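1. I need the structure of the sequence given here:
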Amino acid sequence: MFKLLRYITIFIITTSLLFACQGSKMTQMKRPPLKVAFINFIGYNSAIIAQKKGFFQAQGVEVELKYDIKFAQLQQADFSAGKYDGIGITLGSFIVLSAKNPDMQAVMVVDETNGADVVVAQPDIKTVADLKGKNLGTLLGSFSEVFVTQMLKTANLTNEDVNLVKVEASEIPPNLKNNTIQGGHTWEPYLSDALKSGGHIIFTSKQTPGLILDLVAFRGNIIRDRPQDIRAFVQAWLQATTYWENNIEEGNAIISKALNIPINKLSLEGIKLTNLAENQQLFQFNSSNSIYKTAKIYADFFIGAGNVTRIPEIKTLFNSSFFNPLS
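-> Numbering: from 1, shown residues only. Modelled structure (predicted):
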């Protein structure tokens, strides 16, 4: 009788523990997915590989990716309205957005463009100098404006020497074709359309090294409430980046299918995907290529141009605590 009671007691304890563990797992899975939005730019596509290869899930985080947004400023407005937890954004645009949303932080750099951002022009515009007096399409009040400003300086021109027209990268090809603009800043997959219409490249981000960095940023409340999920997100992204670089053809096929983009429009040419070690260096305040130094370049430009009156302290805008996995 004593043995029977002992076995029953052990059974009850074991069963209770199993149910407790299962309940804990169910509670974890009930967390809502991280909603993260991206524009159509190849540097952000590590997220698709992380999703399709199960890297997010393996790290213990559910992620809902939003790639169906065509216009960067609409995406940023939706982020500000709380529709997304995170956003893929250029460093320059991040600085502008932080003026309206100081409670946000960048958690990783995903790439540096080294030729992927271009200014494409009509056939009769042979050089940057030929843009004088012409209409130049750029997304005003964003990194795009800083990029074309740096381009104009190479020909001893200023923004006052051209007519800057507010145009999204995706709208550069049709505006170029109908002569609304004579040149404009864009990237793939839109660049191919502009080239097919007779446009040609006169300047690239290869000529502005270190200027254009793409980030992932999250709202402050998400970082505070869900640090474990942010860490899992970053770890899975970095894993996907390494996988993609080692399996280019498979990675491109995954992205092509997910976004319904012809595979010949997917290329990492002009893109330097950023790994863990490079992120750690970028987030060091005193490193030679510190993100804080580049952020100040943008901050000074936008304040000087009157795009914003003030921004948060730059040091508060970046969070490097998610690079190392939980031990």
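
2. what sits against residue 56?
-> 50, 62-63, 232-233, 236 (CB atoms under 8 Å, 6 or more residues apart in numbering). Glycine gets a C-beta too; all of them are placed from N, C-alpha and C.

3. Most widely separated two among those?
-> 50 and 62 (11.9 Å; CB to CB).

4. So for these two, which sits in the more crowded spot?
-> residue 50 (27 against 16; other CB atoms under 10 Å).

5. Show only the entries of the contacts of residue 56 found in strands.
-> residue 63 (DSSP state E).

6. Can you add distance to residue 220 and pLDDT and give the contacts of residue 56 back as a markdown table?
-> Below are the contacts of residue 56 laid out as a markdown table (distance: CB to CB, whole Å; pLDDT from 0 to 100):
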| residue | distance to residue 220 | pLDDT |
| --- | --- | --- |
| 50 | 23 | 98 |
| 62 | 21 | 97 |
| 63 | 19 | 98 |
| 232 | 18 | 97 |
| 233 | 16 | 98 |
| 236 | 22 | 98 |
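
7. Tell me which stretches of the stretch 101-250 of the chain form helices.
-> 143-153, 172-177, 190-196, 220-225, 227-246, 248-259 (DSSP state H, counting those that start in this stretch).

8. if you compare the ones you listed, which one is most tucked away?
-> helix 143-153 (a mean of 23; mean count of other CB atoms under 10 Å).

9. Flag the shaky bits of the protein, pLDDT-wise.
-> Within the chain, the segments meeting pLDDT under 70 span 1-29, 68-70, 326-327.

10. in stretch 41-61, what's buried?
-> 41-51, 53, 55-56, 59-61 (16 or more other CB atoms under 10 Å).

11. what's the straight distance from one end of it to the other?
-> Stretch 41-61 has an end-to-end distance of 23 Å (CA to CA, to the nearest Å).

12. Off-centre distance for that stretch?
-> Centre-to-centre, stretch 41-61 and its host chain are 13 Å apart (CA atoms, centre = their mean, to the nearest Å).

13. the strands in the stretch 201-327 of the chain, which residues?
-> Secondary structure of the stretch 201-327 of the chain (DSSP state E, counting those that start in this stretch): strands located at 213-219, 271-273.

14. strands paired with the last one, and their directions?
-> When sheet partners are counted by DSSP bridges, strand 271-273 sits next to strand 104-113 (antiparallel).

15. on that earlier part again, so which of the strands of the stretch 201-327 of the chain comes closest to residue 74?
-> strand 213-219 (16.7 Å).

16. Make sure residue 99 is actually in contact with residue 314.
-> No: Residue 99 is beyond contact range of residue 314, at 11.9 Å (criterion: CB atoms under 8 Å).

17. Which neighbours do these two have in common?
-> With CB under 8 Å, 6+ apart, residue 99 and residue 314 have no common neighbours.

18. The buried residues of stretch 41-61 in helices, which ones?
-> The helices, defined by DSSP state H, take in 46-51, 55-56, 59 from the buried residues of stretch 41-61.

19. The residues you listed: which two are farthest apart?
-> Using CB to CB for every pair in these, the one that comes out farthest apart is 48 and 59, at 15.7 Å.

20. what residues does stretch 191-200 touch?
-> Contacts of stretch 191-200 (CB under 8 Å, 6+ apart): 118, 120-123, 172-173, 176-177, 184, 186, 201, 265.

21. with the residues you listed in mind, which one is nearest to residue 304?
-> residue 184 (23.4 Å).

22. Can you get me a residue count around the closest residue in space to the closest one that isn't next to it in sequence?
-> Counting by CB to CB, 6 or more residues apart in numbering, residue 184 lies nearest to residue 137, which is 3.1 Å off, once chain neighbours are set aside. Burial of residue 137 is recorded as 27 neighbouring residues (other CB under 10 Å).

23. Check the one 3 residues further on too.
-> Applying the criterion other CB under 10 Å, we find 16 residues in the vicinity of residue 140.

24. isn't it right up against residue 164?
-> Yes: at 6.2 Å, residue 140 counts as touching residue 164 under the criterion of CB under 8 Å.

25. residues touching the spatially closest residue to residue 86 that is not a sequence neighbour, list them.
-> Once flanking residues are discounted, residue 86 sits nearest to residue 36: 3.9 Å by CB to CB, 6+ apart. Counting by CB under 8 Å, 6+ apart, residue 36 touches 47, 63-66, 84-88, 216, 233.
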